[in-house]
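*Asks:* Turn this into a model:
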Amino acid sequence: MLLKDKNAVIYGGAGAIGSSAARAFAAEGAHVTVVGRTQERLEPLAKEIGGAWAVVDALDADAVNAHLADLVADRGSVDISLNLVSRGDVQGIPLLQMSTSDFIAPVTAGLTSNFITAQAAGRHMVEQGSGVILALDSGSAQGSPMMGGTGPADAAIDTFVRNLATEIGPQGVRVLGVWTAGVPDTFAPEFAGTNPTRDATGMGPEDLERIISQLTMLRRAPRLADVVSTLTFLASDRAGSITGTFVNVTSGIFAS
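*Replies:* Have a look, this model is predicted:
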């Protein structure tokens, strides 16, 4: 088992990627705590995987630190921290037409939640001399049209991850992440309705998958299983020499 006896906490644990990662981590032997805002989604997932759950606002530093202190007191350590918290990205609107609030929202929310959760976990990990902090974004800092504040938010998180990795690497803590985008498994039925441009075209999930596949080097959209298996490997000791970087799981939407 890749994660035997590891204590993992997943912020945004009830989402499509979060719940799949929770199941995968648990299957590899980890004790997983899923954290989010909705008890009705967290509790049954925790019961399914034999883990724990907590309703915590990842933008509230005091709440995150208090919860993690309780977790470490109960479990003895925190070995893996994964941030999958949604950022409120607004896409499909040209930058010249986008409001300031819509543009800046994912930058503020994404960087804040990643900073708070990584800082909280990092303090414990430095003290224990080991641990892995994981982030996820779309890789849009490489340059993408109609992505609003997503690219700047990704760029900020990418830089934060690399800088934190340089600071706490000497204490045995790895900090890294995954880029992924256009994962069809995560397309909710209401996805098009939150994207004005795509909604106006009448495109459904199948249309989006076809278009995304055409944009990739591999001519297929990345799958949820690809993302989760990569996260699981990176969280494990087999990836012990990997830090300060992002693994590109976009099927080649971007070259890196």
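*Asks:* my read: residue 240 touches residue 173, true?
*Replies:* No: judged on CB atoms under 8 Å, residue 240 makes no contact with residue 173 at a distance of 11.6 Å. In this view, the C-beta of every residue, glycine as well, is placed from N, C-alpha and C.
*Asks:* Those two: which is more packed in?
*Replies:* residue 173 (25 against 11; other CB atoms under 10 Å).
*Asks:* Quickly list what the more buried one is bridged to.
*Replies:* For residue 173, the beta-bridge partners are residue 131 (DSSP bridges).
*Asks:* so what's it up against?
*Replies:* Residues in contact with residue 173, defined by CB atoms under 8 Å, 6 or more residues apart in numbering, are 122, 125-126, 130-133.
*Asks:* swap in residue 131?
*Replies:* By CB under 8 Å, 6+ apart, the contact list for residue 131 reads 77-81, 121-122, 124-125, 172-174.
*Asks:* re the thing from before, buried subset of the contacts of residue 173 as a PyMOL selection?
*Replies:* The PyMOL command for the buried members of these (criterion: 16 or more other CB atoms under 10 Å) is given here:
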select buried, resi 122+125+126+131+132+133
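*Asks:* Make JSON lines out of the contacts of residue 131 and add pLDDT, secondary structure and distance to residue 96.
*Replies:* Formatted as JSON lines, those follow (pLDDT from 0 to 100; DSSP: H, G, I helix; E, B strand; the rest coil; distance: CB to CB, whole Å):
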{"residue": "77", "pLDDT": "98", "secondary structure": "coil", "distance to residue 96": "49"}
{"residue": "78", "pLDDT": "99", "secondary structure": "coil", "distance to residue 96": "44"}
{"residue": "79", "pLDDT": "99", "secondary structure": "coil", "distance to residue 96": "46"}
{"residue": "80", "pLDDT": "99", "secondary structure": "strand", "distance to residue 96": "41"}
{"residue": "81", "pLDDT": "99", "secondary structure": "strand", "distance to residue 96": "38"}
{"residue": "121", "pLDDT": "99", "secondary structure": "helix", "distance to residue 96": "39"}
{"residue": "122", "pLDDT": "99", "secondary structure": "helix", "distance to residue 96": "39"}
{"residue": "124", "pLDDT": "99", "secondary structure": "helix", "distance to residue 96": "45"}
{"residue": "125", "pLDDT": "99", "secondary structure": "helix", "distance to residue 96": "43"}
{"residue": "172", "pLDDT": "98", "secondary structure": "coil", "distance to residue 96": "47"}
{"residue": "173", "pLDDT": "99", "secondary structure": "strand", "distance to residue 96": "42"}
{"residue": "174", "pLDDT": "99", "secondary structure": "strand", "distance to residue 96": "40"}
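*Asks:* Buried only: go through those for me.
*Replies:* Buried residues within the contacts of residue 131, counting neighbours by 16+ other CB under 10 Å: 77-81, 121-122, 124-125, 173-174.
*Asks:* Of the contacts of residue 173, which is the nearest to residue 105?
*Replies:* For these, the residue nearest residue 105 by CB to CB is residue 133; the value is 23.5 Å.
*Asks:* which residue packs closest to that closest one, ignoring adjacent ones?
*Replies:* Distance criterion CB to CB, 6 or more residues apart in numbering; nearest residue to residue 133, sequence neighbours excluded, is residue 175 at 4.5 Å.
*Asks:* What of residue 39?
*Replies:* Here the residue nearest residue 39, using CB to CB, 6+ apart, is residue 55, at 5.4 Å.
*Asks:* show me where the stretch 101-250 of the chain has helices.
*Replies:* Assigned by DSSP state H, counting those that start in this stretch, the helices in the stretch 101-250 of the chain fall at 150-168, 196-201, 205-215, 224-235.
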